[in-house]
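Asker: Next comes the sequence, and after it the predicted model I'd like to discuss.
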Amino acid sequence: YYLIRKCAIGVNLMDTILITGGAGFIGSTLANYLGKENKIVVVDDLSMGKKENLDMEKQVTFIEGDVSDPQLMERIMKEYQFAYIFHLAAVASVADSVERPLETHRVNFDSALLLLELARKYQSDLKRLVFSSSAAVYGDEPTLPKKEESVIRPLTPYAIDKFAAEQYVLDYCHLYDVPTSAVRFFNVYGPNQNPNSPYSGVISILVDRYKKQLAGEKAEFTLFGDGSQSRDFVYIEDVIQALLLVAKEEKALGQQFNVGTGKSTTLLELIHSIDQILGTELALKYEAERSGDIRDSLADISKIRSLGYKPKFDILSGMERYLKSEIN
Ligand code: NAD
Ligand code: UD2
């Protein structure tokens, strides 16, 4: 029975799972997936996420609130016994973190330490807490691809908080036996990513512009730089696969993992591919490179591969699937 329960995530037995930031892009996709067979509790302050992202037909309890609020979080951690905690809530925009370092620190760092302490105190049945870190921790050190043990050079409040929180998360496993793991996402894309900030993921902005253009509205995409910068774009379904593997594999305890595809694509290649898929040509406006932008980014994914991760989508098949769900 114990063995079956250990592997129960996404299988038959009902687990209670906390997803912070569960109304956001990655969190809501995870909640909708796991909500088919588990009881999900979402905490989100709706600063970026939307309740409509959550499929409420599933077993989802939505709590609107701030994940760095100690009273609220203590109440939740006392009330439920979670099998899994996915800590995804964050000020996810680097630019926001540069504008508001104090507030970002509270949300991106304090909330993680708070959750860890509360887990240590109240969650004796916890199987895993997974923290979402970022490729931003590698900063602008140019050696590619990035391995988990590559040089860390966090350059923004966002990146500093992600790295510090990640280290606490892993240390709680070593010091106090709280079962934890961390993932460093590269550039995630897919349905329900909010395109409304200029610092939203570039693919969500692109898709928004293509939709406008196809609807006959005036649409233009601002390309910062010459389009030769490259990223390791990873499709949301592969990210869900990665999160579930990291949450359930014993070998992942106390470890951090890159989550990408191991392949990079330049922005111009990306735009040409979408042009081809949709049979249109997006109007581009070139502007100077964005300050602080990294030129190239690429994950070495051998560590997460060793857990059994295998990305199912390359940029073409991922974009085809994404566009199919958005544009018909
Ligand atoms: P998102 O903005 O869509 O989701 C974050 C969610 O957290 C939002 O729903 C937001 O409303 C919520 N939130 C923010 N502050 C909160 C607070 N104080 N209390 C409660 N909820 C709060 O972003 P996402 O792309 O889904 O990112 C999820 C996680 O993954 C974040 O931690 C982000 O830093 C990390 N990440 C994402 C990417 C990416 O490419 N999308 C890359 C690296 C890391
Ligand atoms: C990603 C993360 C960021 C941080 C960073 C660390 C996202 C959304 N951002 O930033 O949080 O982790 O990695 O390195 O995941 N671009 C345009 N036009 C636009 C928008 C973007 O040309 O309208 C360019 C942008 O200048 C950059 C590239 O597209 O060169 C990718 O931009 P992004 O914001 O999607 O992602 P990135 O890698 O800069």
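Answerer: All right, it came through fine. Ligands and ions are numbered 1, 2, ... in the order given.
Asker: Find the residue at the geometric middle of the chain.
Answerer: Ile26 (5.2 Å; CA atoms, centre = their mean).
Asker: which residues touch that residue?
Answerer: If a contact means CB atoms under 8 Å, 6 or more residues apart in numbering, then Ile26 has 88, 132, 185, 188, 236, 239 as its contacts. For glycine as for every other residue, the C-beta is placed from the backbone atoms N, C-alpha and C.
Asker: Which of the three states applies to it?
Answerer: helix (DSSP: H, G, I helix; E, B strand; the rest coil).
Asker: Going forward, the N-terminal residue is numbered 235.
Answerer: With 235 as the first residue, the last one maps to Ile260.
Asker: gap between it and Glu451?
Answerer: Using CB to CB, to the nearest Å, Ile260 is found at 29 Å from Glu451.
Asker: can you list the residues of the stretch 285-434 of the chain near ligand 1?
Answerer: Of all the residues in the stretch 285-434 of the chain, those in contact range of ligand 1 (CB under 6 Å from any ligand atom) are 300-302, 322-326, 341, 366, 368, 419, 421-422, 428.
Asker: Quick check: beta-bridge partners of Ala533?
Answerer: Under DSSP bridges, the beta-bridge partners of Ala533 are Lys380.
Asker: is it true that it touches Thr495?
Answerer: Yes. The pair Ala533 / Thr495 is scored as a contact, 7.3 Å apart, by CB atoms under 8 Å.
Asker: where does Val473 land in three-state SS?
Answerer: helix.
Asker: Could you list which residues are in contact with it?
Answerer: Contacts for Val473 were tallied using CB under 8 Å, 6+ apart; they are 260, 263, 419, 422, 424, 493.
Asker: Go again with 6 Å.
Answerer: Counting by CB atoms under 6 Å, 6 or more residues apart in numbering, Val473 makes contact with 422, 493.
Asker: what's the distance between it and ligand 2?
Answerer: Per CB to the nearest ligand atom, to the nearest Å, Val473 is found 11 Å from ligand 2.
Asker: any idea how far Ser434 is from Asp330?
Answerer: From Asp330 across to Ser434, the span is 11 Å (CB to CB).
Asker: And the two? Which one has more around it.
Answerer: The neighbour comparison of Asp330 against Ser434 (other CB atoms under 10 Å) goes to Asp330, with 21 against 17.
Asker: I'd like to know how far the more buried one sits from ligand 2.
Answerer: Taking CB to the nearest ligand atom, one finds Asp330 at 10 Å from ligand 2.
Asker: Tell me how many other residues surround Asp411.
Answerer: Around Asp411 there are 11 residues (other CB under 10 Å).
Asker: How about Lys292?
Answerer: Counted with other CB under 10 Å, the neighbours of Lys292 add up to 16.
Asker: how about the residue nearest to it when sequence neighbours are not counted, what does it touch?
Answerer: Nearest non-adjacent residue to Lys292, counting by CB to CB, 6 or more residues apart in numbering: Gly269, 3.0 Å away. Contact partners of Gly269, counting by CB under 6 Å, 6+ apart, are 292-294.
Asker: For the stretch 435-562 of the chain, list the residues in contact with ligand 1, please.
Answerer: Looking at ligand 1, the residues of the stretch 435-562 of the chain close enough under CB under 6 Å from any ligand atom are Gly435.
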